[in-house]
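J.: Sharing a model prediction with you, sequence too.
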Amino acid sequence: MTSVPADLALLTTEEMGRADRLTIDGGIPGTTLMENAGRAVADAILARYPAQATLVLCGPGNNGGDGWVVARRLKQAGFDVACSALAPVAALRGDAAVMAARWNGPVLPFEPAALDGRTLIVDALFGAGLARDLDSAVLRMIEAVGEGRRVVAVDLPSGVNGDDGTIRGGAFTADLSVTFFRAKPGHLLYPGRARTGQLVVADIGISPSVLESIDPKAARNGPALFARHFPVLRQDGHKYDRGHTVTLSGGALHTGAARLAARAALRIGSGLVSTIGDAEAARVIAAHQTAVMVAEVDGPAGLALFLSDRRRNAAVIGPAAGVGDTTFAHCRMALAAGCACVFDADALTSAAGRADILWRERTADLVLTPHDGEFARLFPQLSGLPSRAARAVAAAKESGAVVVLKGADCCIAAPDGRIAINDNAPPTLATAGSGDVLAGMIGGLLAQHMPAFEAAAAAVWLHGAAAEGFGRGLIAEDLVERLPIALQIAENHLRGRGQAG
Ligand SMILES: NC(=O)C1=CN([C@@H]2O[C@H](COP(=O)(O)OP(=O)(O)OC[C@H]3O[C@@H](n4cnc5c(N)ncnc54)[C@H](OP(=O)(O)O)[C@@H]3O)[C@@H](O)[C@H]2O)[C@@H](O)CC1
Ligand SMILES: [K+]
């Protein structure tokens, strides 16, 4: 078994290199893999675009090797094709040299003039082997390609770092990227994701069995990642089997966030949910809630007493809680009570500069849900890491918590190094209260005894699925009401009726 589901695995460039080597060592020649790779790109083009004047930009390594194959295959299919090679063809080595020798069409100098009259550009300059920033000759070519032409990237748009989606000096913006065997983190992480265009993952003859020894730690988030741990509704089940989520409210004028979180926890299946707050807040909450229970709880000591009932097994602290010592004390009380905790929003800001106390006092599952600003306050020492994924993984290792680094490419990281990258969130999710709903969803799944990493991954994916297709006008309340639809979509995926993943 691999740490992440084999179908959803994302491979770093080093891991992909191992997959290639294991396959070649297993008896499939490198030239066969390269021929399969080039054919897959050509087929993806032929399936989408009419015959047209095409330029294939070939780099000095095996990515360029794929390019010579694409050129030959498109020419065979009736395209008018020329190649332009970054390095002298005579200097090519290995499989790439073999494929270049099989090309019997024009090879133009690597100059912007080569683009004249060509409407389709195949970018086969660099893929997994990108080792440094692009030089001026390549940047000039990218600029000359401009926006009027269609770009198809082989493996990755040149300039995108496959490991983390960062850009090395500049990068092509592709309409279509065809990668091999498995997607790479850089396809899903911004800014790389914005350069990737439509992503096709092609089978080039590498057996999924190589993943056993590679044991990748990164995955695209999807139902298969959390299905095994998702709460099952038993015919003879009872609401008390499905946990009790507690969401802590801010003051009387700040109860909405905890109420949203509570309703989301209930919708996602928590058997019981309580929203608690001080005397004034409790009265406001009581005027709004029906299925969610309300309790008056005053201060950290009151919270400790309330949570001493072990049936209240998950707590969401932070939404509109207020920044300061009281919220920090609430976090410590929740940890001491031994329930699973979600710390969000003001809980995270309140912990800035003293978060190590929380990491030491953690007794059960803990999930942190920062956006980038909260993350920087909580983990200032990690802000220099090059990507959001790297920051999330390092923070999870440091805190012992599952870290949900929110954003369009939300990263969910576990202390053991696993990371799920989410890609189903529409931009409409960036709306007030959306984070409160997510925190409540995670709390509701923790209450149902789901392990923290899978609970967080499931909540993030369902949050995206709930928003998908709604369009403009989505508000946080809609998300909660659409959770049953999202749950149904997840079930359909798992029955193989939805899209892969
Ligand atoms: N392995 C396999 O069997 C299979 C691999 N496949 C394909 O191979 C690709 C990986 O091939 P790869 O490892 O040769 O790396 P690649 O991306 O071609 O670049 C390396 C070359 O670029 C150069 N270079 C790097 N950065 C540069 C820069 N900024 N500016 C200028 N030069 C730069 C670098 O030079 P060096 O650093 O050595 O000086 C080296 O010459 C992979 O993405 C997939 O498409 C498929 O065919 C399936 C089978
Ligand atoms: K490329």
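T.: Here it is on my side, so go on. Just so it is clear, the structure is predicted and the values come from calculations on it, not from any experiment. Ligands and ions are numbered 1, 2, ... in the order given.
J.: Would you mind naming what in this protein lies close to ligand 2?
T.: Residues of the chain found near ligand 2 (Cβ under 5 Å from the ion) are 123, 127, 153-154, 158. Glycine gets a C-beta too; all of them are placed from N, C-alpha and C.
J.: Mind checking which of the residues you listed are in strands?
T.: The strands, defined by DSSP state E, take in 123, 153-154 from those.
J.: which of the residues you listed come close to ligand 1?
T.: Taking Cβ under 6 Å from any ligand atom as the test, ligand 1 is in contact with V154 out of these.
J.: What is the neighbour count of the residue nearest to V210 when sequence neighbours are not counted?
T.: Distances taken as Cβ to Cβ, 6 or more residues apart in numbering place L22 nearest to V210, at 4.4 Å, with adjacent residues excluded. Neighbourhood size, L22 [other Cβ atoms under 10 Å]: 18.
J.: L22: helix or strand, and which one exactly?
T.: Assigned by DSSP states H and E, L22 belongs to helix 13-25.
J.: Quick one: mean pLDDT over that helix.
T.: Averaged across helix 13-25, pLDDT comes to 97.
J.: That helix and ligand 1 in contact?
T.: Yes. Residues of helix 13-25 contacting ligand 1 under Cβ under 6 Å from any ligand atom: D20.
J.: in that helix, what's buried?
T.: Residues 13, 15-16, 18-20, 22-24 are the ones in helix 13-25 that count as buried (16 or more other Cβ atoms under 10 Å).
J.: quick one: the nearest residue to L474 once chain neighbours are set aside from ligand 2, how far?
T.: Sequence neighbours aside, T428 is the residue nearest to L474 in space, at 4.2 Å (criterion: Cβ to Cβ, 6+ apart). Separation of T428 from ligand 2 (Cβ to the ion, to the nearest Å): 32 Å.
J.: Ok, F328 next?
T.: 48 Å.
J.: Run a quick neighbour tally on that residue.
T.: F328 has 23 nearby residues by other Cβ under 10 Å.
J.: would you say it is within a helix?
T.: Yes. Applying DSSP: H, G, I helix; E, B strand; the rest coil, one finds F328 inside a helix.
J.: contacting residues around it?
T.: F328 sits next to 347, 350-351, 354 when contact means Cβ atoms under 8 Å, 6 or more residues apart in numbering.
J.: can you rerun that using 6 Å?
T.: S350 (Cβ atoms under 6 Å, 6 or more residues apart in numbering).
J.: tell me the secondary structure for the residue of the chain most remote from its centre?
T.: Distance from the centre of the chain peaks at N104, with 42.1 Å (Cα atoms, centre = their mean). Look at N104: counting by three-state DSSP, its state is coil.
J.: do the same with the one 10 residues further on
T.: For A114, the reduced secondary structure class is helix; criterion used: three-state DSSP.
J.: any idea how far A153 is from it?
T.: Taking Cβ to Cβ, to the nearest Å as the measure, A114 falls 18 Å from A153.
J.: A295 belongs to a helix?
T.: No. Per three-state DSSP, A295 lies outside any helix segment and is strand.
J.: Just grab the bridge partners of it for me.
T.: Note on A295: beta-bridge partners I276, judged by DSSP bridges.
J.: Could you verify my assumption that it touches G277?
T.: No. A295 lies out of contact with G277 (Cβ atoms under 6 Å); the separation is 8.3 Å.
J.: if we can go back for a sec, between A114 and A153, which has more neighbouring residues?
T.: A side-by-side neighbour count of A114 and A153, using other Cβ under 10 Å, places A153 first with 32 against 20.
J.: Which residue, neighbours along the chain excluded, lies closest to A144?
T.: With Cβ to Cβ, 6+ apart as the criterion, A144 has its nearest non-adjacent residue at 3.5 Å, and that residue is P112.
J.: For burial, what's the neighbour tally of the one you found?
T.: Neighbours around P112, by other Cβ under 10 Å: 15.
J.: separation between it and G435?
T.: Distance from P112 to G435, by Cβ to Cβ: 46 Å.
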